[in-house]
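Visitor: model this:
(chains A and B)
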Amino acid sequence: MKVPMSWLADHVDAGLAPDALARRLSGSGTLVEAIHAIGVPEADGNLAAFRVGRVLSAEQHPNADRLRVCTVDLGDREPATIVCGAPNVAAGQTVAVALPGALLPGAEKPLGVAKLRGVESRGMILSATELALGADSSGIMELDEGPAPGTPLAEVLPISETVLELEITSNRPDCLSVRGVAREVHAVTGAALAPLDESDPPAEGEGMVEDLATLEIQAPDLCTRYMARVLTDVVVGPSPAWMRSRLEAAGMRAISNVVDVTNYVMLLTGQPLHAFDLDRLAGGRIVVRRATEDEPIVTLDGVERRLDPSMLAICDAERPAVIAGIFGAEFAEVSQGTRRVLLEAATFDGPTILNTSLALGLRSESSGRFEKGLPRALPPRAMAIACRLMIELCGARLVPGALDEHQPGPEPSAVRMRHERVGRILGVDVAPEESGAILERLGLGVDLASEREALTARIPFERASDLTREIDLIEEVGRIRGLNDIPAELPRLVGRGRLTPAQAIERRLARLCADLGLSEAVTYRQVPESDADALRLAADDPRRQVVRMAHPMSAEMAVMRRSMLPGLLRAVARNQSYQRADGGLFEIGRTYAPREDGQADERPWLAAVRFGRVGPDGWRDAPRPADVFAATGLATALARAAGVRVEPAPNAAPYFHPVRQARMNAGATTVGWAAEVHPLVLRAFGVTGPVAAVVMDLEALGGAVPGHPAYEDLLTVPVSQRDLALVVPEGVPAADLVGAARDAGAPLVREVRVFDRYSGEQVGEGHVSLALRLSLADPGRTLTDEEIEAAVGRVRDALASRGAHLRG
Amino acid sequence: MTDPDLANIQERALAEIRAAATLAELEAARVAHTGRRSPLAETLAGIGGLPPDRRGVVGKAANLARRAVEQALATRTEELEAEEMGAALERDATDVTLPGDPHPLGALHPITQVRQEMEDILLALGYRISDGPEVETEWHNFTALNTPAGHPARSPSDTFFVDGRPDRMLRTQTSPVQVREMQQSQPPIYLVAPGVVYRRDDIDATHSPMFHQMEGLAVDEGLTMAHLKGTMLHFFRELLGSEREILLQPHFFPFTEPSVDVQVSYIDKNGRPAWLELAGAGMVDPNVLESCGIDSERYTGFAFGCGLDRIAMIRFGVPDLRLFFENDLRFLEQFA
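Guide: Residues are numbered from 1 along each chain as shown, chains lettered A, B, ... in the order given. You can find the predicted model right below:
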């Protein structure tokens, strides 16, 4: 909402400079986004260089066909000679003149004394454009004859204007008007608010409105009020400069006096109006109805649009003349030849206007107001003011009577506010008299006397939708008083502020990943549905079930992700695209499995990838390729950081390398997966391998965390070690042997570690040699040789039963 | 045999020991002067053949001489060993200015860094961290938060709805977490809910269809706007520096009343003091409390929310929101 200061000053003059007023408004909830100075710069007495002049003579320039040499009376003793290029300049005209030294709008340098084809010009006769008063640059601007030559131009024309650009919050459609903003200024500053003349002007036209037009509302649910009046003897022409300049300053284009009046009154009152050429409305009829399916309308911009029954149309006897509240049709618009005008002031269902304007891609000043739902009591005010202006500015005569159909309006409401409650919300006590005065300045009728502990306020119709409860009044008191004298206090400390175990694990794991050289990624959780194919999921894989967007931004963001891998693989591809050879990324986030109730099982994961090579890459060490062991090692460290010990076990997921993937088990629970990513998956994401991937199921991992460890005395006792050399068929998982050894040797065998692996001629085709180191101990006690041998014997037997041949 | 012989023997031995330049020469000297055939050993061995009155004197002198020689041997051994180790260490010379073994650190995402810092500030005030579903019900995201039907935010042009389930959507704010928490527990409630939210915005330098918010909620007896103000002042001073001031500007949000924008002071490019709008906040609307089953006469509360992405942009001087979601290691590793 753009509000010219001069217009505001007609209603309330706070005597504040624009920036001071802006601070007051912003501090009370009407945010001033910008202050624009338009027109002639005011600084350094520049306005004095602009005067009213009278053209005494206008002669052809001796040396130039297109120039005239004028003598202009500027109120000085001698008239000035001014060379003018405008085709329309003529003796006898009253004109706007800039004197030498004047700084014109947008100019960088002041006007000088110029010699034009040999004739010295002392000033410039101005067009509207040169004064930033409009788009008409075809010739100089002719003024009314009234003001004497020499009169400061600023007294005659609004040549300099300051405009406040306001952000109006959605709860305050009443402030989408100069009058509403003036009310706010009054409330905040206490400056007097000038009365608004909303009385009906005299109706001196012939006949009665019913004789000239009829009204029928077929959709009363969408049109809560429709009011129409008729004006005859209209002379369409340009509106006066003051109105044009206000409209332009407020961001609207001046069009013609009739259209300008409707826009001017909309800006003043917040109520949009529409003017029809009554003679073009078939049957003189106004029918307010839902549009029919695919009903065409050619709007003012010459575009044919198609309506549907969710939309409201204002029609004549035959066809839509306006998309209600949004945009008019070409055929019924006021034009140069219009003599009789039907003026509409109506209220419509807000959401209908919003949805229609969204559906058609048409937003206008008018629709922006209607979509918020305007009060039914507003049209008569706007109608009265508009008719008065039509009479004044368009020579119109108002036909007696009005067509006016409406639903019964809501009863004026009253709201009670307890004084003690004000302090309990705002944190500062406010005297009842102060509250009462604030609410009165906002236009509420306040009764302070009836009750000691509360006041009752009658709500004006402009605020009826916004002020319905005690809290609404408290907010008004708070924001008009200002919030900055409220003290700053902290609540007493009562909460139990600590991370949950799951949150602590998440932080611990993220920190570990970063410390191991991986950087944290944040990828879009809306992904293409084709990710399921890229991951080589089977046709019946349940992970093809997704939460799908009804209106996705694009196919790339059509569904919620079911896997953490695609986002990270896309990130790897991106990094590889600029020749990044090695690197690591991890992400903590959720996947979304659709549920019957329309929501999702949202499971938290940590996923990590390393691509290229892994390990120290210095001048004396060569890193290794990112393979499955890079993955299992990382997964093991991550689980360990959560307090969980894991063992790898074979796994078969379609997106991983068929034989280089493992699940990471904590006992019987799988808490993660570690693998090389399948080359076909890498290809689908445009990634160059190898890529080692780890996915940790944070819920499962959290569930596997044991209690606090209890201290065991392994310090004062010797730990015995025994090494076993085995030959096993290839394909027997080492983790199975380690697990079997540990189970068989428990509790004395406390650790089993693979410390060597060899395959080759000595062990024979299809076999590998593994070396296991057993560590045996019992806390607080030294083991006897017999105990050790017995435990090792149990381990040997267990390994042998799994096909291991023990050597040596 | 006479005493002067012993003195002579000792002197020769000591001289040879001193003269030994290597451990090998020293070993030769040791054998020559303390070995079985050495004059000293022979002297000691011959003591038994001396007249009894001489035995004590010579024995004592011989033992003294032996001790002196052994002492000299030990000292010289230590000296030579130290010299040899020194020489050996010198041969290990290397360029210590070469880089050490690399331990490259990765980085937490800048948004995570900011988020954790904010969480820690509020944890210290007794808040706990909470989160809720991202695929939300329209009721929790809008209706319970006082957003009327027909509000523009509820339209499919602003919000991602679930296909085939027009009452399910991706949450547009972290505020529904408030609702779920208030439904589940009674005051006092002090919680902070950071998380991912979704709005149907095209991706550009300041917009993204997915971004991050953090929501704080306090519901208790006796909470007023003074507590909201104190909490915001504390929060932003802890986060951005103790010199910060805050300004509450009245604003409008459907689920708080009064509502405010929280502006935080900063020094602009030209060195002038200015204000930056960093959070929205307000007193929890009584309707919201009641729809969650909390007595709005007995309890009051305040809520605040801010954009993590925006604060991370400010904190790290990141000019374009898209950098946060591109996962370019050249970007991310700057924050290690």
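Visitor: Pass me the low-pLDDT residue ranges in the chain, would you?
Guide: Since no chain was named, I'll use chain A. Segments of chain A classed as low confidence (criterion: pLDDT under 70) are A:134-136, A:495, A:808.
Visitor: Chain B, not that one
Guide: Along chain B, segments meeting pLDDT under 70 span B:1-4.
Visitor: for the lengthiest helix in it, packing partners?
Guide: The helix that spans the most residues within chain B, counting by DSSP state H, is helix B:52-91. For helix B:52-91, the elements it packs on are helix B:3-19, helix B:23-34, helix B:39-45, judged by 3 or more C-beta pairs under 8 Å, 6 or more residues apart in numbering or on different chains; DSSP states H and E. All C-beta atoms are positioned from the backbone trio N, CA, C, and that covers glycine.
Visitor: closest to chain A out of those helices?
Guide: When the helices and strands packed on helix B:52-91 are ranked by distance to chain A, counting by C-beta to the nearest C-beta, first place goes to helix B:23-34 at 33.2 Å.
Visitor: what angle separates the closest one from helix B:52-91?
Guide: Relative orientation of helix B:23-34 with respect to helix B:52-91: 180 degrees, computed using axes from the mean of the first three to the mean of the last three C-alpha atoms, to 10 degrees.
Visitor: quick check: angle from helix B:23-34 to helix B:3-19?
Guide: Angle between the axes of helix B:23-34 and helix B:3-19 is 170 degrees (criterion: the same axes, to 10 degrees).
Visitor: Can you give me the buried ones in helix B:23-34?
Guide: B:26, B:29-30, B:32-34 (16 or more other C-beta atoms under 10 Å in any protein chain shown).
Visitor: With distance to A:Ile168 added, can I get those in CSV?
Guide: CSV is the format used below for these (distance: C-beta to C-beta, whole Å):
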residue, distance to A:Ile168
B:Leu26, 101
B:Ala29, 106
B:Arg30, 105
B:Ala32, 111
B:His33, 110
B:Thr34, 108
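Visitor: What parts of the stretch 1-150 of chain B come near chain A?
Guide: B:98-109, B:111-112, B:116, B:122-129, B:133-137, B:149-150 (C-beta under 8 Å from any C-beta of the partner chain).
Visitor: In strands, which of the residues you listed fall?
Guide: Using DSSP state E, the subset of the residues of the stretch 1-150 of chain B next to chain A located in strands is B:128-129, B:135-137.
Visitor: Among the residues you listed, which one has the most neighbours?
Guide: Neighbour counts for those were taken using other C-beta atoms under 10 Å in any protein chain shown; the highest belongs to B:Glu136, which has 27 neighbours.
Visitor: Which residues does that one form beta bridges with?
Guide: Residues in a beta bridge with B:Glu136, per DSSP bridges, are B:Met169.
Visitor: now A:Glu712: how far from A:Arg750?
Guide: Between A:Glu712 and A:Arg750 the distance, using C-beta to C-beta, to the nearest Å, works out to 9 Å.
Visitor: and if you look at A:Met553?
Guide: Counting by C-beta to C-beta, the gap from A:Met553 to A:Arg750 is 56 Å.
Visitor: Same question for A:Arg289.
Guide: The span separating A:Arg289 from A:Arg750 equals 87 Å under the rule C-beta to C-beta.
Visitor: next one: A:Ala555
Guide: Separation of A:Ala555 from A:Arg750 (C-beta to C-beta): 56 Å.
Visitor: Over to A:Leu212?
Guide: According to C-beta to C-beta, A:Leu212 stands 104 Å off from A:Arg750.
Visitor: Same drill for the two, tell me which one is more crowded.
Guide: More neighbours surround A:Leu212 than the other of A:Leu212 and A:Arg750, with 20 against 17 (other C-beta under 10 Å).
Visitor: Tell me who's in contact with that one.
Guide: When the contact criterion is C-beta atoms under 8 Å, 6 or more residues apart in numbering or on different chains, the partners of A:Leu212 are A:230, A:278, A:284, A:340, A:399.
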